[in-house]
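[1] Have a look at this prediction, sequence included:
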Amino acid sequence: MNNIKIICDSLSDVNKEYLEQYDIDVVPLTLILDGKEYRDSIDISPEEFYKILREENAYPKTSQATYAQFKEVFEKYIKEGKKVLYISGSSAATGTCQSAIMAKNDTEGEIYIYDTYSLSFGAGLFVVKAAEMIKEGKSIEEVFKALDEIKEKSVLMFSVDTLEYLKKGGRISSTKATVGSLLNIKPILEVKDGLVSQVGQVRGKKNVLNKMVEYVKERLGDDIEQEEIYIGYSDDLKEREKLTEIAKEVFKPKKIGYFLVGTCIGAHSGPGVGGILVFKK
């Protein structure tokens, strides 16, 4: 891969098959659940994690990846004579990218950092696209330029099944969460400029997917047919299939990719997350 080692963090939710195909290393964030610490997707799988959330009254926390973690992995590959390309989850949402910058500044060698300003499968797509380009022999400069173009054109929408995790994480007030739960309100959320913001809401779960796609169409303009789209999901495979059917009908994509939303993102959103990522033409 052009002597370039790609590294990401676990906020990117890159699927195992991509990690293996492109030999990508993941620096894990830490999940804190019932007083115990777990390395994201290493000590606990997303499937185990969501099962715990469904069955127990558990509200996990997360801790950013550290300077020491990045220092170790950067030095490892620099000593092997490689260039390092680290593609980070949004620096606006976590201090993980800053940890990597500090480690880069203390490590001799060619280390490049790209901030996706996105999260979960939004960030994961940048990692996969970068890996594809590096495999094709593209330079770091060419990769960065292409990723910047993707950043300008991508639209990422998602929804959560419960407001409790957003409340616990301080993303919404207790009053708003209580009223929303009583009225069965489901928020439609967007990742934009590195942060999550609410763009709308619906009453009842059955209306969520159609409304989410409606907001995506508003962002795309007139030309809504797509070459490729990506769907993110947690533990609700039925909802994933429903969203797939709606997306196929609306966007008529030639390719649909899937990303499993991992434990650190799930800690702030809860189970039952579903989302879609598309591109403006």
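    Ah, there it is. Residues are numbered from 1 along each chain as shown.
[2] Look at Asp115 and report its pLDDT.
    For Asp115, the pLDDT comes out at 97.
[3] And it, how far from Asp34?
    32 Å (Cβ to Cβ, to the nearest Å). Backbone N, C-alpha and C define where each C-beta goes, glycine included.
[4] So which of the two has more stuff around it?
    For Asp115 and Asp34, the more surrounded residue by other Cβ atoms under 10 Å is Asp115, and the numbers stand at 20 against 9.
[5] quick one: contacts for the more buried one?
    By Cβ atoms under 8 Å, 6 or more residues apart in numbering, the contact set of Asp115 is 88, 90-91, 97, 194.
[6] List only those of those residues flagged as buried.
    Buried members of the contacts of Asp115, counted by 16 or more other Cβ atoms under 10 Å: 88, 90-91, 97, 194.
[7] mind listing which of the residues you listed are in strands?
    Ser88 (DSSP state E).
[8] Could you pick out which of the buried ones among the contacts of Asp115 are located in helices?
    Residues from the buried ones among the contacts of Asp115 lying in helices, with DSSP state H as the criterion: Cys97.
[9] could the buried ones among the contacts of Asp115 go into TSV alongside pLDDT?
    Converted to TSV, the buried ones among the contacts of Asp115 look like this (pLDDT from 0 to 100):
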residue	pLDDT
Ser88	97
Ser90	93
Ser91	94
Cys97	96
Gly194	87
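[10] can you tell me which residue is nearest the centre of the protein?
    Centroid-nearest residue in the chain: Ser120, 0.7 Å away (criterion: Cα atoms, centre = their mean).
[11] Could you pull up the contacting residues of that residue?
    Residues near Ser120 by Cβ under 8 Å, 6+ apart: 11-13, 158, 191, 232, 259, 261-262, 265, 275.
[12] just those residues now: which is nearest Lys5?
    The closest of these to Lys5 turns out to be Ser12 (Cβ to Cβ; 15.4 Å).
[13] number of nearby residues for that closest one?
    Ser12 has 28 neighbours, counted by other Cβ under 10 Å.
[14] so how far is Ala65 from it?
    For Ser12 relative to Ala65 (Cβ to Cβ), the value is 11 Å.
[15] just Lys83 next, same as before
    Separation of Lys83 from Ala65 (Cβ to Cβ): 20 Å.
[16] Check Ile140 too.
    From Ile140 over to Ala65 the distance is 22 Å, taken as Cβ to Cβ.
[17] between these two, who's got more neighbours?
    When Ile140 is set against Ala65 and neighbours are counted by other Cβ under 10 Å, the residue ahead is Ala65, at 28 against 17.
[18] residue contacts, that one?
    Listed by Cβ under 8 Å, 6+ apart, the contact set of Ala65 reads 9-10, 27-30, 96, 99-100.
[19] Show me the two of these that sit farthest apart.
    Pairwise distances across the contacts of Ala65 peak at 15.2 Å for Thr30 and Ala100 (criterion: Cβ to Cβ).
[20] Those two - which one has more neighbours?
    More crowded of Thr30 and Ala100, by other Cβ under 10 Å: Ala100, with 30 against 18.
[21] My read is that the more buried one contacts Ser88, right?
    Yes - under the criterion of Cβ atoms under 8 Å, Ala100 makes contact with Ser88 at 6.2 Å.
[22] Common neighbours of these two, please.
    Joint contacts of Ala100 and Ser88 (Cβ under 8 Å, 6+ apart) are 9, 113.
[23] And for Leu31, the neighbour number?
    Using other Cβ under 10 Å, Leu31 is surrounded by 25 other residues.
[24] Report the contact partners of the closest residue to it other than its chain neighbours.
    Leaving aside its sequence neighbours, Leu31 sits nearest to Tyr38 (Cβ to Cβ, 6 or more residues apart in numbering; 4.5 Å). Tyr38 makes contact with 30-32, 44, 263, according to Cβ under 8 Å, 6+ apart.
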